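[1] Using only what follows, build the 3D model:
(chains A, B, C and D)
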Protein chains: 2
Amino acid sequence: MTSSATGSAVTMHIGELAEKTGLSLRTIRHYDEVGLLKASARTEGGFRLYTQEDHSRLMVIRRMKPLGFSLDEMMALLKVIDTMQGGVAGSNNTSVRAELDAFVAEAVERRQKLQDQLAMADEFLELLRMQ
Amino acid sequence: MTSSATGSAVTMHIGELAEKTGLSLRTIRHYDEVGLLKASARTEGGFRLYTQEDHSRLMVIRRMKPLGFSLDEMMALLKVIDTMQGGVAGSNNTSVRAELDAFVAEAVERRQKLQDQLAMADEFLELLRMQ
DNA sequence: GCAATCAACCCTTACGTTAGGGTAGTGTTG
DNA sequence: CAACACTACCCTAACGTAAGGGTTGATTGC
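    Numbers count the residues shown, from 1 in each chain, chains lettered A, B, ... in the order given. Okay, here's the model as predicted:
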């Protein structure tokens, strides 16, 4: 019963997107404001309209968040991904590839830090339980 | 060699404490400002002086941080721990114990969230590597 | 013996930043 | 009409950062 069959270009309002992603309305509006994820369109009256594409982009963002990237960094990464996917065959994507690799490296590093934090948290919990 | 260098009343300046804990000077000063960890003393000239006690308190704080507790919450927890340790034997520590248990529960929950974030990060990394 | 100097360290404002949260007051949609 | 959405604005935590000045304590010169 995916009731979104209101025509061919499936769109949704901000509320539905919020529910699907688990992000707040405020957060999504903020992403729009700063340009991290602009609404694909607006209704006559000004309501933001989002597509499936927007949804999956937002999911990428959501998964990046735990790594503590800034919104600017996320923006940059999304651009890189777009470039690679919309890549003109045979164009010079070496620099883009390099940029992506840098992101991966950074992400791996941050993942490590996250894990360290987990370890630290466990130390703390043990300490707490000893009381 | 003058008088009090007998090992146990050792104090240090903020820089040494920063190095030992891995926290920034600014962070430690901030903790002083808001009362999370006030310097035990000051020199005549105004330098903050910290003891070994301070050091271990700060380590507790540092280990709590990954769990995302606010400074106010940390302050509350430290107070609870202090109360328990300086506990007059036989005093009514039931409510204090309850408070501690609440903290433990909260901490466990947050630890879980941390782990979820780690999982999300891994999903993201896989996604990145597929590019 | 003691002032002067110097690098390293520390101090206090005080404003800036990030990623949203919260509210009010008003308009839109079904 | 009830839900939902809009803009615009102020607010927050936990520091970062810059500016301008003071302290410490070891070394130097007299």
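[2] Distance check, the closest residue to DNA strand C within chain A against A:Ala18.
    Among the residues of chain A, A:Gly45 lies closest to DNA strand C, at 2.1 Å counting by CB to the nearest atom of the strand. In this view, the C-beta of every residue, glycine as well, is placed from N, C-alpha and C. Noted for A:Gly45: a distance of 19 Å to A:Ala18, by CB to CB, to the nearest Å.
[3] Who has more neighbours out of these two?
    A:Ala18 (19 against 5; other CB atoms under 10 Å in any protein chain shown).
[4] list the contacts for A:Gln131?
    Contacts for A:Gln131 (CB atoms under 8 Å, 6 or more residues apart in numbering or on different chains) come out as B:Ile81, B:Met84, B:Gln85, B:Leu100.
[5] one step back: would the residue of chain A closest to DNA strand C count as being in a strand?
    No: using DSSP: H, G, I helix; E, B strand; the rest coil, the assignment for A:Gly45 is coil, not a strand.
[6] pLDDT wise, what is it at?
    Note for A:Gly45: predicted pLDDT of 95.
[7] May I have the residues that are in contact with it?
    If you count contacts by CB under 8 Å, 6+ apart, then A:Gly45 has nothing around it.
[8] what do you get for A:Gln85?
    B:Gln131.
[9] mind checking how far it is from A:Ser95?
    16 Å.
[10] Kindly report the same for A:Leu114.
    29 Å.
[11] between those two, which one's more packed in?
    With neighbours defined as other CB under 10 Å, A:Leu114 and A:Ser95 compare such that A:Leu114 has more, 21 against 9.
[12] so that one makes contact with B:Asp116?
    No: counting by CB atoms under 8 Å, B:Asp116 is not a contact partner of A:Leu114; they are 10.9 Å apart.
[13] Sort out which residues of stretch A:70-79 are buried, please.
    Of all the residues in stretch A:70-79, those buried under the rule 16 or more other CB atoms under 10 Å in any protein chain shown are A:Leu71, A:Met74, A:Met75, A:Leu77, A:Leu78.
[14] Wasn't the last one part of a helix?
    Yes: counting by three-state DSSP, A:Leu78 is part of a helix.
[15] give the contact list for it.
    Residues in contact with A:Leu78, defined by CB under 8 Å, 6+ apart, are A:Leu36, A:Arg57, A:Val60, A:Ile61.
[16] Could you look up the SS state of A:Gln49?
    Check again: residue A:49 is Leu, not Gln. Per three-state DSSP, A:Leu49 ends up strand.
[17] can you count the residues close to it?
    For A:Leu49, using other CB under 10 Å, the count is 16.
[18] cool, the one 10 residues further on as well?
    If you count neighbours by other CB under 10 Å, A:Met59 ends up with 17.
[19] ok, it touching A:Thr21?
    Yes: here A:Met59 reaches A:Thr21: they are 6.3 Å apart, a contact under CB under 8 Å.
[20] Up against DNA strand D, what does chain A have?
    A:His13, A:Ile14, A:Gly15, A:Glu16, A:Leu25, A:Arg29, A:Ala39, A:Gly46, A:Phe47, A:Arg48 (CB under 7 Å from any atom of the strand).
[21] Which of those residues fall within strands?
    Among the residues of chain A next to DNA strand D, the members found in strands (DSSP state E) are A:Arg48.
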